[in-house]
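K.L.:
With the sequence up front, the predicted model follows.
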Amino acid sequence: MLEKKHNYTAVELLTILSARQLSDGQVVFAGVGIPLLAATLAQRLRCPGLTILFEGGVIGAFIEPGKLPPSTNDQRCTKRANMVLGSAEVLLLLQRGYVDVGFMGGAQVDQYGNLNSSFIGDPARPKTRLPGTGGGNDIASLAQMIVAMKHEKRRFVEHVDFITSPGYLRGGKTRRASGLLAGGTFRVVTDLAVFGFEDEKRRMQVISLNPGVTREELQDNTGFSLDFAPHLGVTEPPTDQELGLLRELDPERLYTA
């Protein structure tokens, strides 16, 4: 739909909208693909003090245009980096509170921002087995999360089949009551809308519709009843500057096709 209506792909839109959620001075835990592109885009355009951190151990990665690493363990990630540590030390930085934001994704997300990347269906006989957590649970438990994913009804569900990475659990104060005192899901960014979370209920709330998307279309593609912010906005479309730099970073469209 978006590819036909606009001069950018759905993945380019996801990347640019994700980049806009970051602030200068933050430390962001990023994986390859959309998270890395979004963090690098934000760093080049308006957040020069943003520090990119990889699970593979690199702190302060500098990504050269056209040389995107295929893995966070790739040696290209270390060029001009501030420091290279082991994976355990990187995860300890999370525990010590040095990481502000982590990019996340999953097969399912629910109304409270919980993510599932473990399995779909009955745990005794799952229909689909997924990669699992990696460092996802650590990130989700200890830092703010930005979730970036394509918007499909089968992925936006009332309750995830399994909580791999915790959002606000059952809403309200349940996250804090469970012992998770920091972090939580900050934003969910999709090709249809941008979501935040209401302060008291901690339930997903539409704060901005993407260009050309209606409330009805968004609800039809969501597996639970949506709440809309009182002052619902319309997402600003990608600028020529954002698209130009993004395509310079990924000229072969390895991640943004």
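P.N.:
All right, it came through fine. All values derive from a computational prediction rather than experimental measurement.
K.L.:
Only C-alpha atoms from now on, for both contacts and neighbour counts.
P.N.:
Noted.
K.L.:
and stretch 52-59, how far apart are its ends?
P.N.:
6 Å (Cα to Cα, to the nearest Å).
K.L.:
Please compute how far it lies from its chain's middle.
P.N.:
The chain centre lies 16 Å from the centre of stretch 52-59; the measure is Cα atoms, centre = their mean, to the nearest Å.
K.L.:
For that stretch, list every residue counted as buried.
P.N.:
By neighbour count on 16 or more other Cα atoms under 10 Å, the buried set for stretch 52-59 is 52-59.
K.L.:
And stretch 122-142, by the same measure?
P.N.:
For stretch 122-142, by 16+ other Cα under 10 Å, it's 133, 136-142.
K.L.:
Among the buried residues of stretch 52-59, which one lies nearest to Val109?
P.N.:
Val109 has its nearest neighbour among these in Glu55, at 22.3 Å by Cα to Cα.
K.L.:
Quick check: nearest residue in space to the closest one, chain neighbours excluded?
P.N.:
Take Glu55 and drop its neighbours on the chain: the residue closest to it by Cα to Cα, 6 or more residues apart in numbering is Ser87, 5.8 Å away.
K.L.:
What residues does the one you found make contact with?
P.N.:
Shown in contact with Ser87 (Cα atoms under 8 Å, 6 or more residues apart in numbering): 55-57.
K.L.:
Now do the contacts for Thr185.
P.N.:
Contacts of Thr185 (Cα under 8 Å, 6+ apart): 113, 140, 144-147, 167-168, 197.
K.L.:
hmm, try it at 10 Å
P.N.:
By Cα atoms under 10 Å, 6 or more residues apart in numbering, the contact set of Thr185 is 101-104, 112-115, 140-141, 143-147, 165-168, 195-197, 202, 204.
K.L.:
Give the pairing partners of the helix or strand where it lies; include direction for each.
P.N.:
Element membership for Thr185, per DSSP states H and E: strand 184-189. Strand pairing for strand 184-189, determined by DSSP bridges: strand 144-148 (parallel), strand 193-197 (antiparallel).
K.L.:
looking at these, which is closest to Gly183?
P.N.:
Going by Cα to Cα, the one of these nearest Gly183 is strand 144-148, 4.2 Å.
K.L.:
coming back round to it: specify which member of the contacts of Ser87 is nearest to Glu216.
P.N.:
Nearest to Glu216 among these, counting by Cα to Cα, is Glu55 at 39.1 Å.
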